[in-house]
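Asker: got a predicted structure plus its sequence, pasted below:
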Protein chains: 2
Amino acid sequence: MNIFVAGRYSTKVGELWDLSLADLFVEAVNGVINQAELEPPQIEAVFVASKAAGEFNHQLHLNALVSQFFKHQPPAMRIEGACASGGLALIAAEQALLSGQYKTVLVVGAEKMTDVGANRATEILSMAASDDLERGSTFPGLYALLAERHMAEFGTTREQLSAVAVKNHRQALNNPLAQFHQEFNLEQVSCSPMIASPLRLLDCSPISDGAAAVILTSKKIKNKPRIIGFGHAQDSLDLAHRRTLTELVATKRATEQALAMAKLTPQEISLAEVHDCFTIAEIFAIEDLGFFKKGDGGRATLAGETAVGGKVVVNQSGGLKAFGHPIGATGIKQLVYVADQLEQDRCQYGLTHNVGGSGATAVVHILSKQ
Amino acid sequence: MNIFVAGRYSTKVGELWDLSLADLFVEAVNGVINQAELEPPQIEAVFVASKAAGEFNHQLHLNALVSQFFKHQPPAMRIEGACASGGLALIAAEQALLSGQYKTVLVVGAEKMTDVGANRATEILSMAASDDLERGSTFPGLYALLAERHMAEFGTTREQLSAVAVKNHRQALNNPLAQFHQEFNLEQVSCSPMIASPLRLLDCSPISDGAAAVILTSKKIKNKPRIIGFGHAQDSLDLAHRRTLTELVATKRATEQALAMAKLTPQEISLAEVHDCFTIAEIFAIEDLGFFKKGDGGRATLAGETAVGGKVVVNQSGGLKAFGHPIGATGIKQLVYVADQLEQDRCQYGLTHNVGGSGATAVVHILSKQ
């Protein structure tokens, strides 16, 4: 499969009071075109990711908003799949490239979440759960159920959850674009305010503003990272219909697809940006992606096996937890980060893992240095 | 291009108080699978269209909602592009088929608009205009500006606008699924309450609930309609940046693409479902699609040239005006209707035309009997 990452760009992530949603899109689009050293007319189509710009910013029809940045107004569509919107927009773009209709496309995602208050933001986020069966639930509440099950079944501990946050905050210190540059120790995480037992404030990813973009092309480019596998799978929208609460089946299925396409095993991958919307989510992820056996994710994290220098470096960027989680951008900024590391020759293969809701949508990408 | 419409289904359109958004999706998905005489596991991927289920129904993540109707939970993504969401979901599905990744996919769109009051619905609809430059505008207001310009430039008359509504309401009498089964005469339309001068109540399409679905396949099927061309183009989100207000450039560009792919001229097409969200929109459409020269659409309509028995039958279903406009379903129900007519041997070629916002997104499809 010939899909190359011709350009990549992430904005700073954080509470960006000076920037509107449109400003974020403009920065990411201009940034990626400059980084790719392309002329704008070479962009043949645009795929836009946003979870909830209608709710957060009173703006739907983002495909038209972004297309008009270009004089030639390329065809554009917006993709939504909750917190996996960015990953799904990449999939749509890849299918368009593989169809042969386009050779070079832009994928851009953004979310401007801080223009509403925290209560309204929580309500908007909950629209990605089942309105029929989980109305009134929040995502910390749903992931708390998953955490309780994992702890009961495998003996995952409070300290192990905290180890995810400690690692990701420490790793974010080296990422100038990250929302947080603050270290915490295990005790600080374990004693932070309770949100939904057992999840505490420092178990949760933040509300963020940010944007990210990549230019993908089917034209062979030397010395640019290549996408060698992708997978996309679903599970039930609500937790009640899952056949298990101790693994995220969509992640497992998407991973199998991506690994088969890339002809790799998990053990050959040394860098992974995974969907740690909560600390427990990273523990699920590193197990369901195949890096560790089921139930062993907490132990491995506390033992440092997922930190820089470990068996597989997980969320070196800081992850959703500390880099931040501007939803529509998240799946794309993961790819930007991994492509950066590959181009700087830091490893051969990298993986990204983007999840929607409590695990109902999962998208996995595998990249190679070439 | 081998893309066949293996199955098609539209629900009744109207104020469907007994049905939830999920109910509408369920009916359309079951309906289309029965109509196609397929087994559910043959659906390899799902493309879901909705404009604003977050705002109308507190439900995002519709890809997961629909995928879970299937035991095998196929990969799914939601596409949004304002009122062109249905058309864009078809484009995404077509690109996925042409990529070779899938052979048979489902495209389903729905909107459940009547669970909020009319004022809130108007506000939600306005999210498809530019929040920066058109905040406070409503779509009747924006299309009123287009109507004023068309009337000033070409002498389009009040009576000609009314003729669109009279025709589409009359044609809907033969469509049992239509929201309205009520005839109006020219005077009744011309004297209906003013909404945004010159547009009156009976110039406007309604707020509707409904769903529609098609199954598209790249496997050759005998005696099923075939998609022989599609086009997708953009214009500026806001009216202020358009180079003209008397033609919708995105429609013209999308039409050129679709006709080139189908190797047809507009004169070879005898049936068209066009995006008549307002009466003036149908006049723009039949000109910009190339059926009539610019400025001649009003005259042609009043002369009966777009009615059954005319040169090209436009909105035989009743159109958005009288069949109804359940937004996410609209672009798909147009295709369902045209495919129905082709399979019943009523004509050789049919066209569908789906627009987002005040013309910023346009999608055109051309179908052949085979």
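Answerer: Good, I have the coordinates.
Asker: so residue A:255 touches residue A:290, yeah?
Answerer: Yes. Counting by C-beta atoms under 8 Å, residue A:255 sits close enough to residue A:290 to count as a contact (6.1 Å). No exception for glycine: its C-beta is placed from N, CA and C like everyone else's.
Asker: neighbour count: the two, which is higher?
Answerer: Ranked by neighbour count (other C-beta atoms under 10 Å in any protein chain shown), residue A:255 and residue A:290 place residue A:255 first, with 24 against 18.
Asker: which other helices and strands does the helix or strand harbouring that one contact?
Answerer: Assessed by DSSP states H and E, residue A:255 sits inside helix A:249-262. Contact analysis of helix A:249-262 by 3 or more C-beta pairs under 8 Å, 6 or more residues apart in numbering or on different chains; DSSP states H and E lists strand A:226-234, helix A:279-288, strand A:349-356, strand A:361-368 as its packing neighbours.
Asker: swap in 7 Å and give it another go.
Answerer: Where contact means 3 or more C-beta pairs under 7 Å, 6 or more residues apart in numbering or on different chains; DSSP states H and E, helix A:249-262 is packed against strand A:226-234, helix A:279-288, strand A:361-368.
Asker: let me know the next secondary structure element after the longest one.
Answerer: Following the chain from helix A:279-288 toward its C-terminal end, the next helix or strand by DSSP H and E is helix A:297-302.
Asker: contacts for that next one, please.
Answerer: Applying C-beta atoms under 7 Å, 6 or more residues apart in numbering or on different chains, the external contacts of helix A:297-302 come out as A:156, A:157, A:159, A:160, A:163, A:164, A:167, A:283, A:286, A:287, A:292, A:306.
Asker: so which of those residues comes closest to chain B?
Answerer: Distances from chain B to the contacts of helix A:297-302, taken as C-beta to the nearest C-beta, are shortest for residue A:287 (20.3 Å).
Asker: for the closest residue to that closest one other than its chain neighbours, grab the count of nearby residues.
Answerer: Using C-beta to C-beta, 6 or more residues apart in numbering or on different chains and skipping the chain neighbours, the partner closest in space to residue A:287 is residue A:297 (4.5 Å). Neighbours of residue A:297 under the rule other C-beta under 10 Å: 28.
Asker: model confidence for residue A:297, exactly?
Answerer: Residue A:297 is assigned 98 on the pLDDT scale.
Asker: buried ones in stretch A:96-115?
Answerer: Buried residues in stretch A:96-115, counting neighbours by 16 or more other C-beta atoms under 10 Å in any protein chain shown, are found at A:96-99, A:101-102, A:104-114.
Asker: check those residues against chain B, which are close?
Answerer: Restricting the buried residues of stretch A:96-115 to those touching chain B (C-beta under 7 Å from any C-beta of the partner chain) yields A:96, A:98, A:99, A:101.
Asker: could I get those as CSV with pLDDT?
Answerer: Listed next are those as CSV, based on pLDDT from 0 to 100:
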residue, pLDDT
A:96, 98
A:98, 97
A:99, 97
A:101, 96
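Asker: pull out the buried positions in the helix holding residue A:255.
Answerer: A:249, A:250, A:251, A:252, A:253, A:254, A:255, A:257, A:258, A:259, A:261, A:262.
Asker: do stretch A:16-28 as well
Answerer: Across stretch A:16-28, burial judged by 16+ other C-beta under 10 Å covers A:16, A:19, A:20, A:21, A:22, A:23, A:24, A:25, A:26, A:27, A:28.
Asker: get me the contact residues on the stretch 101-250 of chain A for chain B.
Answerer: Checking the stretch 101-250 of chain A against chain B by C-beta under 7 Å from any C-beta, the hits are A:101, A:127, A:128, A:131, A:132, A:232, A:233, A:234, A:235, A:236, A:237, A:241.
Asker: which of these lies closest to residue B:119?
Answerer: residue A:127 (21.0 Å; C-beta to C-beta).
Asker: got the buried residues of stretch A:16-28 as CSV, with secondary structure columns?
Answerer: Output for these, formatted as CSV (DSSP: H, G, I helix; E, B strand; the rest coil):
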residue, secondary structure
A:16, coil
A:19, coil
A:20, coil
A:21, helix
A:22, helix
A:23, helix
A:24, helix
A:25, helix
A:26, helix
A:27, helix
A:28, helix
